[in-house]
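Asker: what would the 3D arrangement of this be:
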Amino acid sequence: EVQLVESGGGMVQPGGSLRLSCAASGFTFSSVDMDWVRQAPGKGPEWVSSINWRGGTTNYADFVKGRFTVSRDNAKNTLYLQMNSLQPEDTALYYCARSIIWGRVPPRNYWGQGTQVTVSS
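Answerer: Numbering: from 1, shown residues only. Sure, this is the predicted structure:
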């Protein structure tokens, strides 16, 4: 059974940082490109970032470029998202997902259960 379990969310003040993790199991993680997706209350899901299977190529949505960094540790079957300079508009549920097409939100059944990030003073 494919499982993606996110962790590391929480509440942080504007300008703060968080590091999200996603533990993967049930598939060959080291062979699969991965995404981060987010969904704010009352809004549709947004693609945030992608990383290729090896970890050597990444891509970011314009609204996080320069602030967020995606990485992976294939030996630990874990995906990461380092988020710096967080702003209130970054408040959302953050999901890791198996990637299908870079830059596009994959189907819901490709996502984990999500971790909440709240940015507020």
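Asker: residue nearest the centroid of the chain?
Answerer: Trp36 (2.8 Å; Cα atoms, centre = their mean).
Asker: and it, helix, strand or coil?
Answerer: strand (DSSP: H, G, I helix; E, B strand; the rest coil).
Asker: what pLDDT does it get?
Answerer: For Trp36, the pLDDT comes out at 98.
Asker: who's in contact with stretch 109-119?
Answerer: 3-14, 16, 18, 20, 22, 37-39, 83, 86-98, 100 (Cβ atoms under 8 Å, 6 or more residues apart in numbering). Just so you know, the C-beta spots here come from the backbone N, C-alpha and C atoms, and that holds for glycine as well.
Asker: out of the residues you listed, which are buried?
Answerer: 4, 6, 8-9, 12, 18, 20, 22, 37-39, 83, 86, 90-98 (16 or more other Cβ atoms under 10 Å).
Asker: dump the residue contacts of the closest residue to Asp73 other than its chain neighbours.
Answerer: Of all residues not flanking Asp73 in the chain, Tyr80 sits nearest, at 7.5 Å (Cβ to Cβ, 6 or more residues apart in numbering). With contacts defined as Cβ under 8 Å, 6+ apart, Tyr80 is in contact with 19-22, 70-73.
Asker: any idea of the pLDDT on Trp102?
Answerer: Looking at Trp102, its pLDDT stands at 89.
Asker: and it, what element?
Answerer: Applying DSSP states H and E as the criterion places Trp102 outside every helix and strand.
Asker: can you give the contact residues for the helix or strand harbouring Cys96?
Answerer: Element membership for Cys96, per DSSP H and E: strand 92-98. Applying Cβ under 8 Å, 6+ apart, the external contacts of strand 92-98 come out as 2, 4, 6, 9, 20, 22, 24, 27, 32-41, 45-46, 48, 79, 81, 105-106, 110-117.
Asker: what do you get for stretch 13-29?
Answerer: 1-10, 12, 34, 36, 72, 74, 77-88, 94, 96, 98, 112, 115, 117, 119-121.
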